[in-house]
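Undergrad: this one's sequence-less:
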């Protein structure tokens, strides 16, 4: 049987689609849709989650993540510059910090922070209550990861850029701030987005530290709902809310990348 | 930025007994070299001869191992010198252009003016536009470097250096990375500069430019200056064997 390569590719593609279709239909027929909906998207429970799902849980998740990301980014930039410093002790401090907070699970950092700080500094607390604690604890972990990303970005900027800046009379600090860092951030925009999305999900670790209702973020909110209703609907709703954050984020960053590409 | 006192009578560039090592590898061996004000000095030689290193030692992008470098009577190799202030007066043009890709052409030309020379934005823009006009790219001020040809990028890079009102210009193989048909435009701009009396040190492979525009030609090989003098004489009647053999290969 003589078949052109093009024809053969078409047939092969057709078979793949057919198999995929059969699998989807089989799953769809086998599933118990009624119970599924009762369990995951229960029409009676869902309305009761509002408005708290948005006004408390989603809002807090965004706050915690934003706080940790900003704190982590600033600290990460400082750590990255320390790692690239010609001053030995700066490099050692930064390396130790990064290795520690990258290597230890965020969960343990959270617990250490929540229970360790009051012991270490009796009578003192981080400002900002839960928000402050989450910002710092999550931010430290984020900073360790971001520092390595930022360092790689800075090193990816061609050496000639610094030489050109220095030859125009810029100091090394000025060249770093005006010429190198802006270019580095363009390079690392995709991995940095990744970091932001990871932080969004890691903010769920807040459930570990005792919270009042007004401090609930999405996962805690979902788990409490699970206990209250003995139904998965609250947790599923929380999951959808995470996508409400991360999907638009991806879209915005893809646009920013496209714009940066045009200028590059 | 501290003021630098210029000696009006000193040569633009004066290099004395310059040695440069990269690790164990000696790249420059006791170079004595000078460039008089208002002259164009071209440096030629095979790759690895140390000519780019010599040029980069003059604004200390490369750190000399020993020896002294003076620019307009100011010792560049003095460890206490305000290097940034000095570099602001020495224009430099690179083989790979090194425009800032995240900035528009106009911002490429104004960034150092405002941040280093502390010029007002308006004044910086005015100076930038005048220099863009000079290199024939006035209409490209809103473009980004990636959208320009190599020849255009190099002319922008020259305009960027000129916008600092330098006393002298260093060119490090400015046309070596260009497609052949784009070389002429860049050399044209450099000729115009030379005819305006700009002091220029040019590391190049463009023998035509060296012959036509240069006041002095220096041939380097193996980290030493082998022969120097009037370009027509050196190119037309080289005295040293190494010069003869190099020229016979490139001419």
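TA: Thanks, I have it. Nothing here was measured: the structure is a model prediction, and the numbers come from that model. Residues are numbered from 1 along each chain as shown, chains lettered A, B, ... in the order given.

Undergrad: endpoints of stretch A:46-64, how far apart?
TA: Taking Cα to Cα, to the nearest Å, stretch A:46-64 runs 25 Å from one end to the other.

Undergrad: in that stretch, what counts as buried?
TA: Using 16 or more other Cβ atoms under 10 Å in any protein chain shown as the test for burial, stretch A:46-64 gives A:46, A:49, A:52-53, A:56-64. C-beta here means a position set from N, CA and C on the backbone, and glycine is covered the same way.

Undergrad: would a markdown table of those with distance to chain B, pLDDT and secondary structure be doable?
TA: Listed next are the buried residues of stretch A:46-64 as a markdown table, based on distance: Cβ to the nearest Cβ, whole Å; pLDDT from 0 to 100; DSSP: H, G, I helix; E, B strand; the rest coil:
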| residue | distance to chain B | pLDDT | secondary structure |
| --- | --- | --- | --- |
| A:46 | 47 | 82 | helix |
| A:49 | 45 | 81 | helix |
| A:52 | 44 | 86 | helix |
| A:53 | 41 | 86 | helix |
| A:56 | 41 | 87 | helix |
| A:57 | 39 | 88 | helix |
| A:58 | 35 | 91 | helix |
| A:59 | 35 | 89 | helix |
| A:60 | 36 | 89 | helix |
| A:61 | 33 | 92 | helix |
| A:62 | 29 | 93 | helix |
| A:63 | 31 | 93 | helix |
| A:64 | 32 | 92 | helix |
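
Undergrad: which among these gets closest to residue B:214?
TA: Ranked by distance to residue B:214 (Cβ to Cβ), those are led by residue A:62 at 65.2 Å.

Undergrad: spit out the contact partners of residue 148.
TA: All of this refers to chain A. Under the criterion of Cβ atoms under 8 Å, 6 or more residues apart in numbering or on different chains, the neighbours of residue A:148 are A:80, A:98, A:102.

Undergrad: hmm, I had chain B in mind actually
TA: Counting by Cβ under 8 Å, 6+ apart, residue B:148 makes contact with B:105, B:140, B:156.

Undergrad: just the buried residues of the contacts of residue A:148.
TA: With burial judged by 16+ other Cβ under 10 Å, the buried subset of those is A:80, A:98.

Undergrad: distance to chain B and secondary structure for the contacts of residue A:148 - can I get that in a markdown table?
TA: What follows is these, written out as a markdown table (distance: Cβ to the nearest Cβ, whole Å; DSSP: H, G, I helix; E, B strand; the rest coil):
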| residue | distance to chain B | secondary structure |
| --- | --- | --- |
| A:80 | 18 | helix |
| A:98 | 27 | helix |
| A:102 | 29 | helix |
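
Undergrad: for the particular helix or strand that has residue B:153 in it, which positions count as buried?
TA: If you go by DSSP states H and E, residue B:153 is part of helix B:150-162. Neighbour counts over helix B:150-162 (16+ other Cβ under 10 Å) mark B:150-162 as buried.

Undergrad: how about stretch A:108-115?
TA: Quick answer for stretch A:108-115 (16+ other Cβ under 10 Å): A:109-110, A:113-114.

Undergrad: same list, these, but as a markdown table with secondary structure and distance to residue B:178 please.
TA: Output for the buried residues of stretch A:108-115, formatted as a markdown table (DSSP: H, G, I helix; E, B strand; the rest coil; distance: Cβ to Cβ, whole Å):
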| residue | secondary structure | distance to residue B:178 |
| --- | --- | --- |
| A:109 | helix | 54 |
| A:110 | helix | 57 |
| A:113 | helix | 58 |
| A:114 | helix | 62 |
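
Undergrad: max pairwise distance over those residues: which two?
TA: Greatest spatial distance among the buried residues of stretch A:108-115 (Cβ to Cβ): A:109 and A:114, at 9.6 Å.

Undergrad: mutual contacts of the two, please.
TA: Contact with both residue A:109 and residue A:114 is made by residues residue A:137, according to Cβ under 8 Å, 6+ apart.

Undergrad: so where's chain A shaky on pLDDT?
TA: A:1, A:210, A:262-264 (pLDDT under 70).

Undergrad: near chain B, which residues of it show up?
TA: A:158, A:160-161, A:163-171, A:174, A:178-179, A:182-183, A:186, A:262-264 (Cβ under 8 Å from any Cβ of the partner chain).

Undergrad: the residue of chain A found nearest chain B: neighbouring residues, count only.
TA: The minimum distance from chain A to chain B, using Cβ to the nearest Cβ, falls at residue A:169 (2.9 Å). Residue A:169: 26 surrounding residues under other Cβ atoms under 10 Å in any protein chain shown.

Undergrad: up against chain A, what does the stretch 51-200 of chain B have?
TA: Counting by Cβ under 8 Å from any Cβ, the residues of the stretch 51-200 of chain B that sit close to chain A are B:59, B:61, B:84-92, B:94, B:96, B:98-102, B:111-112, B:115-117, B:144, B:146, B:157, B:160-161, B:164.
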